[in-house]
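Chemist: no sequence on this one, just coordinates:
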């Protein structure tokens, strides 16, 4: 006869409510681990999907995700000249926030190196890759854009031609993919009045500059667009991505490029490590602290509930001792209840979490390792939580059954 | 073992405290109960009846004296010669003033739990529990929880539990106190039947003088001493 189950049945309402509460607490603990895993997955997803062997970034920086990196666009051709390099392409990444109707639209824009990269590597769930080098955009579903929708960014409108699933930046923002020139146009877009003021400023400075006074035709050029001025460099890009040829040594190529004085090179794994260690580490520690605290709180609540349940049946325990129940029966009664409480709480946490987590704004990833780890933790806290009740039950004397 | 008394106490003493605070709760109590014998223990409150019962029930060790159950020395002074909880489980049945049933178990589970604790398989324990309850006329209440039973029914369940492991000794502490006179007599007669049919020695602490004819032997306790009073109907 299982006394623990009989007692639970007798106190079903209270036990069910307690289990539900423990389940909700454990769901949060489970969710925190999932949020951390989601952060890592989001952070490394892009690096994995892009699949570049090497990332060339501004000298002594940690790359376009960790901090600002600016390299000239001609670095693409320098990299291509290195023995062992199969291909190289531009990488531009920046985050913008615009108003779309009544809602704020925050997105991370990634420039695709047209025409070598049309976004064929993206996990499209609708639409197609880019087919022209301007005014087309592939968006992640999380941005809420529809296929065929025209999105105004800066002075241009971009048509949503493709939709991806699960492509978010390390900050959790949905991603949009356009060509590098479009990406730069979006990034460096300025208001017309700002452009006019800058041109007027140029003309004012030229009016007092000796070279422009001697050659008036130079001054006429100053009124044109910035991109047409030979003395002004084209906009920088964030990084250059290198694909190493099959059979060539990634380390050797990295060594050659790393010897250049103006850039730093990271392998794919280094880039992922930088992302995880640099951007996610604090979040990991913070979430870890919360998990630890919530686990302790769950253990305390379980201990109090089990202690109360034990106090409620202290007379029955004395009676059981009186009729000769060995200590292991009493211990089993409390321990089994603790384990049932923990196991049901865990099951509720998993069931409720699986339903609720998809609605969270950030991705929550439940991994088998985390689930197993939490299961072990739940068993441990269940056992620890039962100790107080067991201690009280062991102190009960059989003659207490004779009192009242 | 059957030649020996069901229970025999020799010169039992129980002293609480020491020095100025010393209280003698039981003094030189020697009682012998044969198998099948029903003994009543009378006396005013504070006379030492419950102290004797808890000592005889191996719950509260005496300060000195001996307790033999089925011929086996179990307590030699305050020292136990065996594992008391295990011995209690196998050889002693208890019935209390209040039925003292486990509230989260049904009536038949309250009976069979005593047997299962003694290593009896669940199915056998259940069958014997139902058989005992049939003997006591409460088998139709087997599935009921204690709160759904009347006081008399609860007390019968408690008697069935006390008999479940075929004990040598049944100790009852004012088992009829919560019952009306009619039901009280029924329970006392139940003990009579239990002693005869199951061969157990029964000691009943009672204030109820209306059913004394049921007992074979009557002891009166006063100031911690027990004095044999008269023979009951069986010995008459």
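Modeler: Done, it's in. What you are looking at is a predicted structure, and each value in this text was computed from that prediction instead of being measured.
Chemist: Give me the domain ranges for chain A.
Modeler: Chain A breaks down by automatic domain parsing into domains covering A:3-43+A:278-402, A:89-188+A:235-239, A:191-231.
Chemist: Is it possible to get a markdown table of these that adds mean neighbour count?
Modeler: (Each C-beta comes from the backbone N, C-alpha and C, glycine too.) Listed next are those as a markdown table, based on neighbours: other CB atoms under 10 Å in any protein chain shown:
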| stretch | mean neighbour count |
| --- | --- |
| domain A:3-43+A:278-402 | 18 |
| domain A:89-188+A:235-239 | 18 |
| domain A:191-231 | 11 |
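Chemist: among these, which gets the worst mean confidence?
Modeler: Of all these, the minimum mean pLDDT falls on domain A:191-231 (a mean of 73).
Chemist: now it: how far from the chain's centre is it?
Modeler: The chain centroid and the centroid of domain A:191-231 are separated by 45 Å under CA atoms, centre = their mean, to the nearest Å.
Chemist: Which stretches in the chain count as helices?
Modeler: As the question left the chain open, I've gone with chain A. A:3-10, A:12-50, A:75-80, A:180-187, A:192-207, A:210-214, A:216-221, A:250-258, A:268-274, A:281-312, A:314-322, A:327-356, A:368-395 (DSSP state H).
Chemist: Chain B was what I was after
Modeler: Per DSSP H, chain B carries helices over the ranges B:49-56, B:84-91, B:107-117, B:122-135, B:151-163, B:181-198.
Chemist: Which one, of those helices, ends up nearest to residue A:326?
Modeler: Checking the helices of chain B against residue A:326 by CB to CB gives helix B:84-91 as the closest, at 6.5 Å.
Chemist: mean confidence score for that closest one?
Modeler: On average, helix B:84-91 scores 88.
Chemist: any idea how far the residue in chain B that chain A sits nearest to lies from residue A:329?
Modeler: Residue of chain B nearest chain A, by CB to the nearest CB: residue B:89 (2.4 Å). Computed as CB to CB, to the nearest Å, the residue B:89 to residue A:329 distance reads 11 Å.
Chemist: distance between the longest strand along chain B and the chain's centre?
Modeler: For chain B, the strand with the greatest residue count under DSSP state E is strand B:7-16. Strand B:7-16 has its C-alpha centroid displaced from the chain centroid by 16 Å (CA atoms, centre = their mean).
Chemist: Mind listing residues that contact that strand?
Modeler: For strand B:7-16, the external contacting residues (CB atoms under 8 Å, 6 or more residues apart in numbering or on different chains) are B:22-33, B:48, B:51-52, B:55-56, B:60, B:62-70, B:168-169, B:201, B:203, B:224.
Chemist: now these: which count as buried?
Modeler: Buried members of the contacts of strand B:7-16, counted by 16 or more other CB atoms under 10 Å in any protein chain shown: B:24-27, B:29, B:31-33, B:48, B:51-52, B:55-56, B:60, B:62, B:64-70, B:168-169, B:201, B:203, B:224.
Chemist: Quick one: residues in contact with stretch A:16-24.
Modeler: Here stretch A:16-24 makes contact (CB under 8 Å, 6+ apart) with A:298, A:301-302, A:305, A:341-342, A:344-349, A:352.
Chemist: For those, which two are the farthest from each other?
Modeler: Going by CB to CB, the pair spanning these furthest: A:305 and A:352, at 19.1 Å.
Chemist: who's the residue positioned nearest the centre of chain B bridged to?
Modeler: For chain B, the residue nearest the mean C-alpha position is residue B:171 (1.0 Å; CA atoms, centre = their mean). Legend: beta-bridge partners of residue B:171 under DSSP bridges are residue B:94, residue B:203.
Chemist: okay, it: pLDDT?
Modeler: 91.
Chemist: quick one: the residue nearest to residue A:357 when sequence neighbours are not counted and residue A:249, what's the gap?
Modeler: Leaving aside its sequence neighbours, residue A:357 sits nearest to residue A:364 (CB to CB, 6 or more residues apart in numbering or on different chains; 3.9 Å). The spacing between residue A:364 and residue A:249, counted by CB to CB, is 39 Å.
Chemist: cool, and residue A:277?
Modeler: Applying CB to CB to residue A:277 and residue A:249 gives a distance of 26 Å.
Chemist: thinking again about what came up before, and the helices of chain A as a markdown table, adding distance to residue B:9?
Modeler: Below are the helices of chain A laid out as a markdown table (distance: least, CB to CB, whole Å):
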| stretch | distance to residue B:9 |
| --- | --- |
| helix A:3-10 | 33 |
| helix A:12-50 | 45 |
| helix A:75-80 | 102 |
| helix A:180-187 | 99 |
| helix A:192-207 | 108 |
| helix A:210-214 | 126 |
| helix A:216-221 | 124 |
| helix A:250-258 | 92 |
| helix A:268-274 | 81 |
| helix A:281-312 | 35 |
| helix A:314-322 | 19 |
| helix A:327-356 | 28 |
| helix A:368-395 | 29 |
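Chemist: and residue B:145, which of those helices is closest to it?
Modeler: helix A:3-10 (7.9 Å).
Chemist: what's next to that closest one, contact-wise?
Modeler: Residues outside helix A:3-10 that contact it (CB under 8 Å, 6+ apart) are A:15, A:309, A:313, A:320, A:329, A:332-334, A:336-337, A:340, B:103-105, B:109, B:113, B:145.
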